[in-house]
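Student: model this:
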Amino acid sequence: MLLSLVCSLWSLNSLTLPLLLSIVSIILPPLVAPSTSSPWNHSRPSNGFNTDDYNDDYDTETTTRPVDPVAKRCKYDLCQEQQPTCQELAASSGCSCPGMSGPNETPDPPTLRKLSQEGSGGVVVYWCAPASTVTHYVVQVKGREVELTAGERRRQLDLGEVEAGTEVCVQAVNRVGVSDRAKHSCTRFQPQSSESVLALKLGIIGGVVTLIVVLVLALLLWRLRIRRKTLARTENGGAEGML
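Tutor: As a prediction, the model looks like this:
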């Protein structure tokens, strides 16, 4: 009897089990589905404040921040002798130095303008500063073991006697290093030829002689006119006496 009852229950369970599973699968998902109001469904952490409001305020601040007016460019001549540096001008007047590299960069090569033989016989080198921060300059004359130095405000230096064809280079220096040698920072000394100097002297002498001759001729013409007037007056006076 008991055995038949167990078999009956087993057969009943085997038939109703698939049906019960189907019902559970339909009813259970809505019950376990996450609620849209759940705090775990937010894409951003709250962290105690509203991040949307913070971002909006930050954007507004950055876009409405006033922009300082552009400072005027410093009146700085790269080739002027004994001029204050551009950094000093900027500190004193509030101007700007556009294009100037800072003290943490190796300076660019300066520009050698010319080598000029002055009246004393010595050669003077002239150069223009680079758009860089410079502490001093080094002038190298080929064949000399000792380099010549010049301060950051200098733009010329007397080299003394220099033989024809000697190469002269100017380099800029700061605390980082020395500028490279460039084509525009080196040149060879080419003195004026004796023929050109002689021609110049002859031209000057010829001009002076011509001026003297013109002055002498003008003086002679003036005296001649005065003499003619005197003779004319004398003749007129004698004619009146005879009448």
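
Student: may I ask which helix or strand of the chain has the lowest mean pLDDT?
Tutor: Across the helices and strands of the chain, mean pLDDT, DSSP states H and E gives its lowest value to helix 51-63, namely a mean of 40.

Student: right, and the helix or strand after it?
Tutor: helix 86-93 (DSSP states H and E).

Student: quick one: mean pLDDT for that next one?
Tutor: What helix 86-93 shows for mean pLDDT is 90.

Student: got a list of contacts for that helix?
Tutor: The contact list for helix 86-93 (CB atoms under 8 Å, 6 or more residues apart in numbering) reads 74, 75, 76, 84, 95, 96, 97, 100, 133. Every residue, glycine included, has its C-beta placed from N, CA and C.

Student: how about the third one: what's its closest non-neighbour residue?
Tutor: Distance criterion CB to CB, 6 or more residues apart in numbering; nearest residue to residue 76, sequence neighbours excluded, is residue 86 at 4.3 Å.

Student: go on, the last one?
Tutor: Excluding its sequence neighbours, the residue lying closest to residue 133 (CB to CB, 6+ apart) is residue 103, at 4.4 Å.

Student: let me see the contact set for residue 82.
Tutor: Counting by CB under 8 Å, 6+ apart, residue 82 touches 153, 154, 155.

Student: that older thread, what about the residue nearest to residue 133, neighbour count?
Tutor: Residue 103 is flanked by 13 other residues according to other CB atoms under 10 Å.

Student: need the contact list for residue 71.
Tutor: Contacts of residue 71 by CB under 8 Å, 6+ apart are 94, 95, 96.

Student: state the pLDDT value of it.
Tutor: 71.

Student: can you give me the helices in this structure?
Tutor: With DSSP state H, the ranges of helices along the chain come out as 2-32, 51-63, 86-93, 194-242.

Student: okay if I get the contacts of helix 86-93 as JSON lines plus distance to residue 127?
Tutor: Conversion of these to JSON lines gives the following (distance: CB to CB, whole Å):
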{"residue": "74", "distance to residue 127": "20"}
{"residue": "75", "distance to residue 127": "20"}
{"residue": "76", "distance to residue 127": "15"}
{"residue": "84", "distance to residue 127": "18"}
{"residue": "95", "distance to residue 127": "24"}
{"residue": "96", "distance to residue 127": "24"}
{"residue": "97", "distance to residue 127": "19"}
{"residue": "100", "distance to residue 127": "17"}
{"residue": "133", "distance to residue 127": "17"}
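
Student: farthest pair in those?
Tutor: Spatially, the most separated pair among these is 75 and 133, at 18.3 Å (CB to CB).

Student: so between the two, which is more surrounded?
Tutor: Between residue 75 and residue 133, counted using other CB under 10 Å, the more crowded position is residue 133 (22 against 10).

Student: now that that one has come up, it's in contact with residue 106, right?
Tutor: No: taking CB atoms under 8 Å as the definition, residue 133 is not a contact partner of residue 106, at 10.0 Å.

Student: identify the contacts common to those two.
Tutor: With contacts defined as CB under 8 Å, 6+ apart, the residues adjacent to both residue 133 and residue 106 are residue 174.

Student: read off the pLDDT value for residue 120.
Tutor: Confidence at residue 120, expressed as pLDDT, is 73.

Student: phi, psi for it please.
Tutor: For residue 120, the backbone dihedrals (degrees, to the nearest 10) come out as phi -70, psi -10.

Student: done for today, thanks.
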